[in-house]
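K.L.:
One predicted model, sequence on top.
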Amino acid sequence: MPLLPTEPFVYPDDLFNNPAAVGPGEGGLEGGVWWVLHTRPRAEKAVARKLLDSGNTFFLPLYKKQWRSRGRLLCSCAPLFSGYLFVRGDGATRSAALETNQVARVLPVHDQARLHADLARVYRVMQGA
């Protein structure tokens with residue numbers, strides 16, 4: 001039994017499925033560049049919620065975590081890369097993430113195409129494809 005309902009972990013939903021979303025542009029990707037956000041401890045989902053509310057593109061890989069407590073089987077979704085969230089956009093998107101006061105630092109991505117390909121592979125594994 002999940003403690004909380006599953007939250008969106010990718011926005012937009014077709015971020016990795018839509019071939020038109022990946023095309024020429026800054027860093028080889030249309031729609032901006034990837035940024036890696038190093039969040040404050042246990043703040044990944046809170047930052048993702050705020051980015052979702054403001055319509056910013058993000059990817060937060062999650063896995064299902066299960067444990068027993070008092071004879072009950074409990075489960076929740078935890079970040080695959082604890083403390084990290086992947087955001088795609090321009091400087092305004094980066095600023096929006098920093099304004100949450102839950103981001104410790106922003107890591108620039110030097111090889112945009114490689115990160116996008118790696119994240120797409122993680123997404124496909126999460127989807128069971």
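P.N.:
Sure, I can see it.

K.L.:
only C-alpha atoms for contact and neighbour calcs from this point on.
P.N.:
Fine.

K.L.:
Could you find the closest non-adjacent residue to residue 104?
P.N.:
Computed as Cα to Cα, 6 or more residues apart in numbering, the closest residue to residue 104 that is not its neighbour in sequence is residue 39, at 5.1 Å.

K.L.:
quick one: the one you found from residue 98, how far?
P.N.:
With distances taken as Cα to Cα, to the nearest Å, residue 39 is found 10 Å from residue 98.

K.L.:
neighbour-wise, which of these two wins?
P.N.:
Set side by side, residue 39 and residue 98 show unequal neighbour counts under other Cα atoms under 10 Å, the larger going to residue 39 at 23 against 17.

K.L.:
so residue 41, which of the three states?
P.N.:
Under DSSP: H, G, I helix; E, B strand; the rest coil, residue 41 falls in the coil class.

K.L.:
rewinding a little: what bridges to the residue nearest to residue 104?
P.N.:
residue 103 (DSSP bridges).

K.L.:
Do a quick rundown of the strands in this structure.
P.N.:
In the chain, the strands defined using DSSP state E lie at 10-11, 33-39, 57-59, 62-69, 72-79, 84-89, 103-108.

K.L.:
In terms of secondary structure, what does the third one contact?
P.N.:
Taking 3 or more Cα pairs under 8 Å, 6 or more residues apart in numbering; DSSP states H and E as the contact definition, the neighbouring helices and strands of strand 57-59 are strand 10-11, helix 44-53, strand 84-89.

K.L.:
now do 7 Å
P.N.:
Identification of packing neighbours for strand 57-59 by 3 or more Cα pairs under 7 Å, 6 or more residues apart in numbering; DSSP states H and E yields strand 10-11, strand 84-89.

K.L.:
Having no further points to raise, I will conclude here.
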